[in-house]
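Undergrad: just the structure for this:
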Amino acid sequence: MTSRTTTPARAALLAAGMLAMTACGTTAAGSGAVADPSPVPAPGQSTDYAARAAAAVGRHDKLFPEVAALCEGKASAAPTSSAAPDDLPTDPAARKYAENHAYKNQAALTPAAQCRGDAHAARIKAALGGSDGKGAPRTAQELSGLLTGMGYKVETGDVYASSTGDLSFVLSIPESGPCVTGHASPPVSVQAQGAYMEGGCHEPRGGH
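TA: Numbers count the residues shown, from 1 in each chain. Model (predicted):
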């Protein structure tokens, strides 16, 4: 025999379950919280790379205001080229050589990036004492300390000495690029360049 007290209890449980099911995916009244915490991104949504690049340049300009002032107003878009798509040599041997060494190609710099690179190169060269390198660091550790003190991030392998003790360095300018490479041993030379097509500021090793 079924107890009369169990029927209302079952009915209440059933009603509560149906209410929970119908409320799934909706906003609770007065709470402002959505039940699904991870909505699917809108179709076609993509990363705005131009906005990211502009934000990186803004961060660079805060770190190096003197460089920002020098390069204000420079175009940030690469100039269009009228050269033919295939500019490899027509001579078979020279063409093969160019193909085998394509991994050494560097990205072209926009006028703004070239300006920033040249300004950083001049800044570093001046800190090294100019072309004659008077007062320039004599060890890799000293050179790393100098560059770090100037606001550059020195990674492992960015500063190195040759077998004869000549110091060289490779840097990626913080936030916005480009690359700056140089020799700190007299005669001192520092120049800006684009990143290598295979990525990074260090010349890639290899080829085919």
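
Undergrad: where are the low-confidence patches of this structure?
TA: Applying pLDDT under 70 to the chain picks out residues 1-46, 78-104, 206-208.

Undergrad: where do the helices sit along it?
TA: Using DSSP state H, the helices of the chain run over 6-22, 49-63, 65-70, 92-100, 111-127, 140-149.

Undergrad: mind listing what's buried in the shortest one?
TA: For helix 65-70, the neighbour count (16 or more other CB atoms under 10 Å) marks Val67, Ala68 as buried. Placement of C-beta: from N, CA and C, glycine included.

Undergrad: neighbouring contacts of that helix?
TA: His60, Asp61, Cys115, Arg116, Ala119, His120, Arg123 (CB atoms under 8 Å, 6 or more residues apart in numbering).

Undergrad: most neighbours among the residues you listed, please name it.
TA: Scoring the contacts of helix 65-70 on neighbours with other CB atoms under 10 Å, the highest-scoring entry is Arg116 at 27 neighbours.

Undergrad: please tell me how far it sits from Glu66.
TA: Taking CB to CB, to the nearest Å as the measure, Arg116 falls 11 Å from Glu66.

Undergrad: got it, and His183?
TA: Using CB to CB, one gets 24 Å for the distance from His183 to Glu66.

Undergrad: and for Ala53?
TA: Distance of Ala53 to Glu66, computed by CB to CB: 21 Å.

Undergrad: same thing with Tyr152?
TA: To Glu66, Tyr152 is 14 Å away according to CB to CB.

Undergrad: hey, what's Gln106 bridged with?
TA: Beta bridges link Gln106 to Tyr196 when assigned by DSSP bridges.

Undergrad: use 43 as the first number from now on
TA: Yes, from this point I'll number from 43; that puts the last item at Gln148.
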